[in-house]
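# 3D model of this:
(4 chains)
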Protein chains: 2
Amino acid sequence: MASQAATVVIAARCSDPVVDDVVVDDTVSSNRLVETGPVPHRRGTDVRTRELTDVTQQPDPRAVRVSASTRDIPQATVARLAGYLRVLGTLVEEGVQIVSSEGLAGAAGVGSAKLRKDLSFLGPNGVRGVGYDVSRLSARIEEVLGLDRGHRVILIGVGNLGRALVGYPGFARRGFAIVGLFDDDPAVSGTALDGLVVRDVVTLTVACAELAPTIAVLAVPDDAAQQVCDRLVAAGLRCILSFSGVALDAPAHVEIRRVDLAVELQLLSFFEMRRAEIETGSVVREESVVR
Amino acid sequence: MASQAATVVIAARCSDPVVDDVVVDDTVSSNRLVETGPVPHRRGTDVRTRELTDVTQQPDPRAVRVSASTRDIPQATVARLAGYLRVLGTLVEEGVQIVSSEGLAGAAGVGSAKLRKDLSFLGPNGVRGVGYDVSRLSARIEEVLGLDRGHRVILIGVGNLGRALVGYPGFARRGFAIVGLFDDDPAVSGTALDGLVVRDVVTLTVACAELAPTIAVLAVPDDAAQQVCDRLVAAGLRCILSFSGVALDAPAHVEIRRVDLAVELQLLSFFEMRRAEIETGSVVREESVVR
DNA sequence: TAGATTGTTAATCGATTAACAATC
DNA sequence: TAGATTGTTAATCGATTAACAATC
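Predicted structure coming up:
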C-alpha cells in the first residue's frame, strides 16, 4: 500500500502572493514526502503547483485523479483545450499512442510552449523525455471540460440555422444529446425533426422541468432572443449558446456564449482592409489637412 | 480657408519608446498649431495620439477623415467595434442622434471606460460634455472596418449550414453580397438557391477570376476543408471564414477566422462544471491520496 | 459659469513566449 | 549514460480598468 502513488497537488490562485497554509495528508504520505521532498525548480514567487510523487512508481491508473481546481484554469486555456481534444481524437483513430508537445501543438496550430503551459494547468499529464499518452490526456481534458457528464441540450428556433444545428454531427460525437426542440411558429411546432417533435415555445418552462437540459442553444431572430433568454433563465437554465446578434441580458450566474456571424465577417473585412493598406504602403503615419 | 478645421493625428506604435520624428504640415496649420498648441494631458511615456484642433470651429464634415493607422487598433478592440455598430444601427432607427459612452456601452454590454478607450483608437469621435453623434460614429466605424467597400462573398459547401448562411439576413444588411455558391455534390451543383446557380467546386479557380470575391465562407465537412482552403488560396483569396472543426493551414498573408460550434459547446460545458463545483463547495484546494 | 462627458493616463491584470532545470 | 521532452520560471506583451484632466 505504501508503494502506491501518492500525489498531492496544491493549487493557488495566480494572484495570491503566497501559498500560506498548505495542508498535507500526513497520515499517508509524510514518509514519502520527506523522501522525495518538494524541490523547487528555481526560487520563484509564482508557485502554482507542487507535485510530490513516489519515485518508485508511475502514476497509478486506479488513483483518484487529482487536479487543481478548474477555477484556476485561464479562460484562454480552456478555449484551446477543445482544439487539443479534437487533434487527440484523430490521433487515437490513427492508432498513435504517444505524442510530444511539439507534435500535438503543430497539429492544433499553436506553439509548443503554449501547449505545455496550457496542459500544466490540468496537473502533470506527460512523461519527461517521452511525451503524452494520447488516450490518457484525451480523457483528462474531457474530464476537465465536463464532457464525461453527458450534456442534455435543447434548441430554441427551428429555422434554417436551427435545422442545420440539429444535423450537426459534432453534437453527438462530443456527448451532447439534443433532447428538445422548440419554435413559436404554429406551422413548425408539432412537426418532427431528427426523431424529435418540435414543441411550442410557450411550453418551455414545463418542458424544461421534464427534460432537465443543462445547455440551451438559441437560434431565434434577434428581436425574440431576449424574451426567450428570460424564459430560459426563469426555467433554471444556466448555460446558453446564442446565435443572435444582440447582447443578451441575464443574471451573472448564467453563462452566455454568443456566436455572431456578423462580427466574424466584419473582422475579416477589417483584416482585408488592413492588408490593402499594407500593400499600398500607405499610412504608417498619416497626416492630412483640409482647408 | 484658414478658419477650417486642421486636424493632425500622429500615430505611433504602443511599443515605440518615443515618437521621435513628428512632421507637421506647417504650410497650412503652423499658425493654428501655435495658437492651440499641443498640451499633453500629463507628462507620460505612452503618447499615442496628439490632437491639434482649431478651437474656433467644430469638425468639418467635408474634411478628409484623418485616422491613426488601422494597424494600431488592438484586435480586441476591433472585435468589439462590430458590436457597437449594431447598437448604433438600432439607435439610428429609433431616431436617437446623440449617445453617451455610458449609454452606448450599456447597450453593447461593455463598460464605458472600455468603450471610450476603444473609440479613442479611431481618433476623436465625440464631443466632451455632449456625447457621440450616432450617425457620424456609425460611419466612422464602418470606414475603419472597411464595410463601406462592399465585400463580395463566395460560399463553398451548400449543405444544411450553407443554406442557413445563404438565408442569413445579416449578410446583405452589412454590405456583404453573396456572389457565388459552390458544392462538390453533382446533385447540388446546378440547382438554384437564392437566385444563384450552385457551381461545381472544380470550377472554383476560374470562377474566382470572374467573381472577384474578397471573402470566402467555408461550410464543407471537416475532411474536405483543407483541400478547399488550398484551392481558395491558390485562387488568390485572402480572407476565409471557416465553419469546419479543423485548424486550416495557409500562408501567413491569408487571414482565417474559424467558428467552431464544438468549441463553444465545450466551453459551456466547462462553465457548467465549474459552477457545479462552486455550488457543492468543493475543491478550492483539492487534496487526495490513494494507497 | 457649472455640469457633463470625452479622451488619456497609469496601474493592474491576464496571456504569451523563450529558455531551461527537472527528469524520464 | 546521453538524448529527449516535460513542466516551470520569468520576462514581455497586450488588454482592462478606474480615475481625472481637458473641454464642451
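# residues contacting the residue lying closest to residue A:209 once chain neighbours are set aside?
Leaving out its chain neighbours, the residue that sits closest to residue A:209 by Cβ to Cβ, 6 or more residues apart in numbering or on different chains is residue A:235, at 7.6 Å. (C-beta placed from N, C-alpha, C; glycine too.) By Cβ atoms under 8 Å, 6 or more residues apart in numbering or on different chains, the contact set of residue A:235 is A:204-205, A:208-209.
# highest neighbour count among the residues you listed?
residue A:204 (22 neighbours; other Cβ atoms under 10 Å in any protein chain shown).
# can you name the residue of the stretch 1-150 of chain A nearest to chain B?
When distances are taken as Cβ to the nearest Cβ, the stretch 1-150 of chain A reaches nearest to chain B at residue A:146, 3.1 Å away.
# hmm, back to that, just the contacts of residue A:235: which are in helices?
Among those, the ones falling in helices (DSSP state H) are A:204-205, A:208-209.
# the closest residue to residue A:117 other than its chain neighbours and DNA strand D, how far apart?
Nearest residue to residue A:117, sequence neighbours excluded (Cβ to Cβ, 6+ apart): residue A:77, at 7.7 Å. As judged by Cβ to the nearest atom of the strand, to the nearest Å, residue A:77 and DNA strand D stand 11 Å apart.
# briefly note if the host helix or strand of residue A:77 comes near DNA strand C.
Residue A:77 is part of helix A:75-93 when elements are defined by DSSP states H and E. Yes - shown here: helix A:75-93 in contact with DNA strand C (Cβ under 7 Å from any atom of the strand) through A:75-77.
# among these, which one has the most neighbours?
Counting by other Cβ under 10 Å, top hit in the residues of helix A:75-93 next to DNA strand C: residue A:77 with 19 neighbours.
# against residue A:122, how distant is that residue?
The gap separating residue A:77 from residue A:122 is 9 Å, by Cβ to Cβ, to the nearest Å.
# please apply the same query to residue A:196.
In terms of Cβ to Cβ, residue A:196 sits 35 Å off from residue A:122.
# looking at the two, which is more packed in?
Taking other Cβ under 10 Å, residue A:196 and residue A:122 do not tie; residue A:122 has more neighbours (19 against 16).
# strands along the stretch 101-250 of chain A, start to end?
If DSSP state E, counting those that start in this stretch is used as the criterion, the strands of the stretch 101-250 of chain A fall at A:126-127, A:131-133, A:151-156, A:176-183, A:192-193, A:196-200, A:215-218, A:239-242.
# and DNA strand D, which of those is closest to it?
Closest to DNA strand D of those is strand A:126-127 (Cβ to the nearest atom of the strand; 3.1 Å).
# now check the closest one, is it near DNA strand C?
Yes - using Cβ under 7 Å from any atom of the strand, strand A:126-127 reaches DNA strand C at residue A:127.
# can you name every helix or strand that that strand contacts?
strand A:131-133 (3 or more Cβ pairs under 8 Å, 6 or more residues apart in numbering or on different chains; DSSP states H and E).
# what are the contacting residues of the strand it packs on?
A:97-101, A:103-104, A:119, A:125-127.
# need the max-distance pair from these.
Farthest apart among the contacts of strand A:131-133 by Cβ to Cβ are A:97 and A:119. That separation is 17.1 Å.
# centroid residue for chain A?
Central residue of chain A (Cα atoms, centre = their mean): residue A:78, 4.4 Å from the mean position.
# where does the nearest residue to it once chain neighbours are set aside land in three-state SS?
If the residues on either side of it in the chain are set aside, residue A:78 comes closest to residue B:270, at 5.2 Å by Cβ to Cβ, 6+ apart. What DSSP: H, G, I helix; E, B strand; the rest coil gives for residue B:270 is helix.
# contact partners for residue B:270?
By Cβ under 8 Å, 6+ apart, the contact list for residue B:270 reads A:70, A:78, A:81, A:144-146.
# now the contacts of strand A:131-133 in a markdown table, with pLDDT and neighbour count?
Converted to a markdown table, the contacts of strand A:131-133 look like this (pLDDT from 0 to 100; neighbours: other Cβ atoms under 10 Å in any protein chain shown):
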| residue | pLDDT | neighbour count |
| --- | --- | --- |
| A:97 | 98 | 13 |
| A:98 | 98 | 15 |
| A:99 | 98 | 21 |
| A:100 | 98 | 15 |
| A:101 | 98 | 20 |
| A:103 | 98 | 17 |
| A:104 | 98 | 25 |
| A:119 | 98 | 23 |
| A:125 | 95 | 15 |
| A:126 | 97 | 19 |
| A:127 | 97 | 12 |
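# any idea which of those is closest to DNA strand C?
Distance to DNA strand C, by Cβ to the nearest atom of the strand, is smallest for residue A:127 among those, at 4.7 Å.
# what's opposite that closest one in the beta bridge?
Bridge pairing for residue A:127 (DSSP bridges) gives the partners residue A:131.
# need the contact list for the nearest residue to residue A:260 once chain neighbours are set aside.
Nearest residue to residue A:260 in three dimensions, chain neighbours excluded: residue A:245, at 5.7 Å (Cβ to Cβ, 6+ apart). Residue A:245 makes contact with A:222, A:260, A:262, B:86, B:170 under the criterion Cβ under 8 Å, 6+ apart.
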